[in-house]
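Enquirer: My questions are about this predicted structure, shown below with the sequence.
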There are 2 protein chains.
Amino acid sequence: MPASFLEECLSILTRTPAILDTQLRDLPEVWTSATEGPGTWSPYVVVGHLIHTERTDWMTRLMTILEYGPSRPFEPLDRQAQFQDSDGKSLSALLDEFTVLRRDNLVRLRALDLQPAQFELQGTHPALGVVTVRQLLATWTAHDLAHSVQVNRVMAKRYKEEVGPFAEFLSVMK
Amino acid sequence: MPASFLEECLSILTRTPAILDTQLRDLPEVWTSATEGPGTWSPYVVVGHLIHTERTDWMTRLMTILEYGPSRPFEPLDRQAQFQDSDGKSLSALLDEFTVLRRDNLVRLRALDLQPAQFELQGTHPALGVVTVRQLLATWTAHDLAHSVQVNRVMAKRYKEEVGPFAEFLSVMK
C-alpha cells in the first residue's frame, strides 16, 4: 500500500537530523565553513537556519492555520536569524539542538492526528497569500531536501579548481 | 592544524555510505524510485552508479597511474552499467554492496601511503587527456557530493506541485 501523504513527509522529516549529523559532525571545518562566495551560506549556517525554521516556521504556522484559519497571517520568516542565534555555538551543539527540536515537532505533528479534510485548511502567508496545510507540510519536507542540496553543492564546489579537467563531467561545478 | 588534502578527501569519502544508508534505506519507494523525467536517474539508480564507479573507476584508475603513468589510458566509464548490474537487487542490497566496496577501497587507498610528490603523477583520461592523482582524488570526493546533490534534488522536485505557491521560495524547483 502506498504511504499516505503525511507518512511520505514524515519519512523524510524524521531522517534529516541523522543525515546532517552523519555528514557534518566532526567534519573538518574547511568543509563545514565553506561557502559559494560572499553572502552565501556554509553548511554551518544552513544548520542554524534549519533550527530557526524549526522554532518559528513549520509547526507554528500549522497551529496558526488550525487555530485561526486564514484570518491571521503567519509571522514573516527571518532568513538572517541564524547569524545571531548561532553565535558562539559549535556545529555539534547546533546539530544536537536541531535533532531535539525536530523530534519534538514531529511528536506534536503526529499527536494532532490530522484527518484528510484538515490538509485542505487554509492559512495566509504574508507574501504568498493563501496556502494550505498540505502545501505547508510538503514545503517543510522539500525545504529539508533543498538545504541538503545546498550543503552538498557548497562542499562540491570547494573542489571546482581541484578537479581540473574533470569539471567538464561535474555539472554541479557550473 | 588544517587537514591534509588526502585527509580532507577521506573525511568525505568515508561518510558517504552511511549518509546514503541513513537517507535511503527503507525510505518509501515513491522517493527512492523518483526521477526528474525520462532518461534521468532515481536515487536507486544513483546508488548503482556509485557501486559501478567504486568497482571500475577511482582505485582502478589510481593504480593505472601508479603502475603505468600516462602511457596507459584509463578504461572509459560505462555510465549505463548500473541498469544491468542493479537488476533484481533491492536498494538495501545495493547500499550494503556500496558500503563494503567503499570501505575496501579506502583501506587500499590508505595502505598506499601516498607521498606529496605522488599527487602530481599523471595519467591519461580517454576523453579529458592528462589528469593528476590529485585531480582524480578530488573528483572522487566531488563526485560523491554531486550525486548527493542529485539524490536530494530529485526527491525535492517530486513535490514541485505539492508545495503550491511556496515554489517561489525553493530555487531547487526551478
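Expert: Nice, thanks for sending it over.

Enquirer: Count residues in the vicinity of A:Asn152, would you?
Expert: For A:Asn152, the count of nearby residues is 26 (other Cβ atoms under 10 Å in any protein chain shown). The C-beta positions use only the backbone N, C-alpha and C, and glycine is treated the same way.

Enquirer: Point out where chain A drops to low pLDDT.
Expert: Chain A contains residues with pLDDT under 70 at A:1-3.

Enquirer: how about the helices in it?
Expert: Taking DSSP state H, the helices of chain A run over residues A:5-13, A:16-24, A:29-32, A:43-56, A:58-68, A:81-85, A:91-112, A:133-157.

Enquirer: relative to helix A:58-68, how tilted is the last one?
Expert: Between the axis of helix A:133-157 and that of helix A:58-68 there is an angle of 170 degrees, by axes from the mean of the first three to the mean of the last three Cα atoms, to 10 degrees.

Enquirer: what about helix A:133-157, distance to the chain center?
Expert: The chain centroid and the centroid of helix A:133-157 are separated by 6 Å under Cα atoms, centre = their mean, to the nearest Å.

Enquirer: Same check on the fourth one?
Expert: Offset of helix A:43-56 from its chain centre (Cα atoms, centre = their mean): 7 Å.

Enquirer: How about residues contacting that helix?
Expert: Residues from elsewhere that reach helix A:43-56 (Cβ atoms under 8 Å, 6 or more residues apart in numbering or on different chains): A:16, A:20, A:24, A:31-35, A:41, A:75, A:77-79, A:81-83, A:85-86, A:89, A:91, A:94-95, A:97-98, A:101-102, A:105, A:143-144, A:147, A:150-151, A:154-155.

Enquirer: could I get that helix in CSV with only the CA atoms?
Expert: Coordinates of each C-alpha in helix A:43-56 appear next as CSV, following Å, rounded to 0.1, in the frame of the first residue of the first chain:
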residue,chain,number,x,y,z
PRO,A,43,26.8,24.1,5.9
TYR,A,44,27.2,25.6,9.5
VAL,A,45,24.9,28.5,8.6
VAL,A,46,22.3,26.1,7.0
VAL,A,47,22.0,24.1,10.2
GLY,A,48,21.4,27.3,12.1
HIS,A,49,18.7,28.3,9.6
LEU,A,50,17.0,24.9,10.0
ILE,A,51,16.9,25.4,13.7
HIS,A,52,15.3,28.8,13.3
THR,A,53,12.6,27.4,11.0
GLU,A,54,12.0,24.6,13.4
ARG,A,55,11.4,27.1,16.1
THR,A,56,9.4,29.7,14.2
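
Enquirer: residue nearest the centroid of chain A?
Expert: A:Asp144 (3.7 Å; Cα atoms, centre = their mean).

Enquirer: before we move on, back to that, if we check chain B, which of the contacts of helix A:43-56 are in contact?
Expert: Restricting the contacts of helix A:43-56 to those within reach of chain B (Cβ under 8 Å from any Cβ of the partner chain) leaves A:31, A:143, A:155.

Enquirer: now the residue nearest to the centre of chain A, nearest residue through space, not along the chain?
Expert: Nearest non-adjacent residue to A:Asp144, counting by Cβ to Cβ, 6 or more residues apart in numbering or on different chains: A:Thr16, 4.5 Å away.

Enquirer: returning to what we had before: highest mean neighbour count out of the helices of chain A?
Expert: helix A:133-157 (a mean of 24; mean count of other Cβ atoms under 10 Å in any protein chain shown).

Enquirer: Tell me which other helices or strands that helix touches.
Expert: Applying 3 or more Cβ pairs under 8 Å, 6 or more residues apart in numbering or on different chains; DSSP states H and E, one finds that helix A:133-157 makes contact with helix A:5-13, helix A:16-24, helix A:43-56, helix A:58-68, helix B:133-157.

Enquirer: Which of those helices sits closest to B:Arg110?
Expert: Proximity to B:Arg110 (Cβ to Cβ) singles out helix B:133-157 among the helices and strands packed on helix A:133-157, at 12.2 Å.

Enquirer: one step back: now render the helices and strands packed on helix A:133-157 as a markdown table, adding distance to B:Val45.
Expert: Formatted as a markdown table, the helices and strands packed on helix A:133-157 follow (distance: least, Cβ to Cβ, whole Å):
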| stretch | distance to B:Val45 |
| --- | --- |
| helix A:5-13 | 19 |
| helix A:16-24 | 20 |
| helix A:43-56 | 26 |
| helix A:58-68 | 31 |
| helix B:133-157 | 10 |
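
Enquirer: Good, wrapping up.
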